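*Asks:* Sequence plus predicted model, see below.
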Amino acid sequence: MILLILNILALVILTHAYVPQLKTTFKTRATEGVSIFFWLLISLSTSYSLFNLLATGNAEWYTYLAQFINAGVALLLFVWITGLRVRWELTLFFSLLYIFLNVYVYQSLPLVVTQTVATIAVILAYVDQIAHFIRTKRAEGTNPFLYYYFALGLSVLVSIMFMTNVSTHVIVTELVNITLLLVCGIMSQILGKK
């Protein structure tokens, strides 16, 4: 029963986490503070984590659902923000190429390798976003609540993963994600006040 409650909580938080960013992107159409590479790598990492959860079969349905939402909205934001920066034809081409390559690489490599790629992608995504914040000294198009809510939701999700014996590689990826989310949230908040 406690797992069900925690998973519903994680679903609500993760779903809500994207709302501030989606609203900010919709209202402002600003992308100056957003690194496209950040969303590309987040989408890659979350999709590999989802694929690996599905492959291992060591989680409950609600863990899969939370990770599916995570991966789906990350892909949506990658496509949307890319579309705000470049022509939609190029966005469509790069998005389809990304999906094809993502599936190909996942099918070609073992779980440990793809989850390692996911961990590296998370680190690179946040390092890139942090570098983007430092380089541009701008946070337009970012919403710090995306980072904070996401860190909270992933913390609940990691607790569930510990309780359900999910692969250690997946858990480590999410712990790295939480730490770097907090750094990005703080930077977005500080730069957003300027």
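*Replies:* The structure has been received and is ready for your questions. Since we're looking at a predicted model, the values are computed, not measured.
*Asks:* Name the residues of the strand or helix carrying M161 that are buried.
*Replies:* Element membership for M161, per DSSP states H and E: helix 144-163. Residues of helix 144-163 classed as buried: 144-154, 156-161 (neighbour count, 16 or more other CB atoms under 10 Å). From N, CA and C alone the C-beta is placed, and that goes for glycine too.
*Asks:* got it, and stretch 107-116?
*Replies:* L111, T114, Q115, T116.
*Asks:* With secondary structure, pLDDT and distance to S45 as new columns, can these be given to me in JSON lines?
*Replies:* What follows is those, written out as JSON lines (DSSP: H, G, I helix; E, B strand; the rest coil; pLDDT from 0 to 100; distance: CB to CB, whole Å):
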{"residue": "L111", "secondary structure": "helix", "pLDDT": "86", "distance to S45": "14"}
{"residue": "T114", "secondary structure": "helix", "pLDDT": "89", "distance to S45": "10"}
{"residue": "Q115", "secondary structure": "helix", "pLDDT": "85", "distance to S45": "9"}
{"residue": "T116", "secondary structure": "helix", "pLDDT": "87", "distance to S45": "11"}
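*Asks:* which of those residues lies closest to N70?
*Replies:* The closest of the buried residues of stretch 107-116 to N70 turns out to be Q115 (CB to CB; 14.7 Å).
*Asks:* hang on, that closest one packs against V166?
*Replies:* No. Assessed by CB atoms under 8 Å, Q115 is found out of contact with V166, at 10.9 Å.
*Asks:* And the helices in this structure?
*Replies:* 2-28, 36-56, 61-85, 88-108, 111-136, 144-163, 168-192 (DSSP state H).
*Asks:* Deepest in the core, which of these is it.
*Replies:* Highest mean neighbour count among the helices of the chain (mean count of other CB atoms under 10 Å): helix 36-56, with a mean of 22.
*Asks:* and that helix, what other elements does it pack with?
*Replies:* helix 61-85, helix 88-108, helix 111-136, helix 168-192 (3 or more CB pairs under 8 Å, 6 or more residues apart in numbering; DSSP states H and E).
*Asks:* Direction-wise, compare that helix with helix 111-136 and give the angle.
*Replies:* Between helix 36-56 and helix 111-136, the angle comes out at 160 degrees (axes from the mean of the first three to the mean of the last three CA atoms, to 10 degrees).
*Asks:* ok, back up a step: pull the CA coordinates from the helix holding M161 and hand them back as PDB.
*Replies:* The C-alpha coordinates for helix 144-163 follow below in PDB (Å, rounded to 0.1, in the frame of the first residue of the first chain):
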ATOM      1  CA  PRO A 144      13.400  27.100 -11.700                       C
ATOM      2  CA  PHE A 145      10.300  25.200 -10.500                       C
ATOM      3  CA  LEU A 146      10.900  22.600 -13.300                       C
ATOM      4  CA  TYR A 147      14.200  21.700 -11.600                       C
ATOM      5  CA  TYR A 148      13.000  21.900  -8.000                       C
ATOM      6  CA  TYR A 149       9.800  19.900  -8.600                       C
ATOM      7  CA  PHE A 150      11.600  17.400 -10.700                       C
ATOM      8  CA  ALA A 151      14.200  16.800  -8.000                       C
ATOM      9  CA  LEU A 152      11.400  16.300  -5.500                       C
ATOM     10  CA  GLY A 153       9.500  13.900  -7.700                       C
ATOM     11  CA  LEU A 154      12.700  11.900  -8.600                       C
ATOM     12  CA  SER A 155      13.500  11.700  -4.900                       C
ATOM     13  CA  VAL A 156      10.200   9.900  -4.300                       C
ATOM     14  CA  LEU A 157      10.800   7.800  -7.400                       C
ATOM     15  CA  VAL A 158      14.300   6.800  -6.200                       C
ATOM     16  CA  SER A 159      12.800   5.800  -2.800                       C
ATOM     17  CA  ILE A 160      10.400   3.500  -4.700                       C
ATOM     18  CA  MET A 161      13.200   2.100  -6.800                       C
ATOM     19  CA  PHE A 162      15.100   1.100  -3.600                       C
ATOM     20  CA  MET A 163      12.000  -0.600  -2.300                       C
END
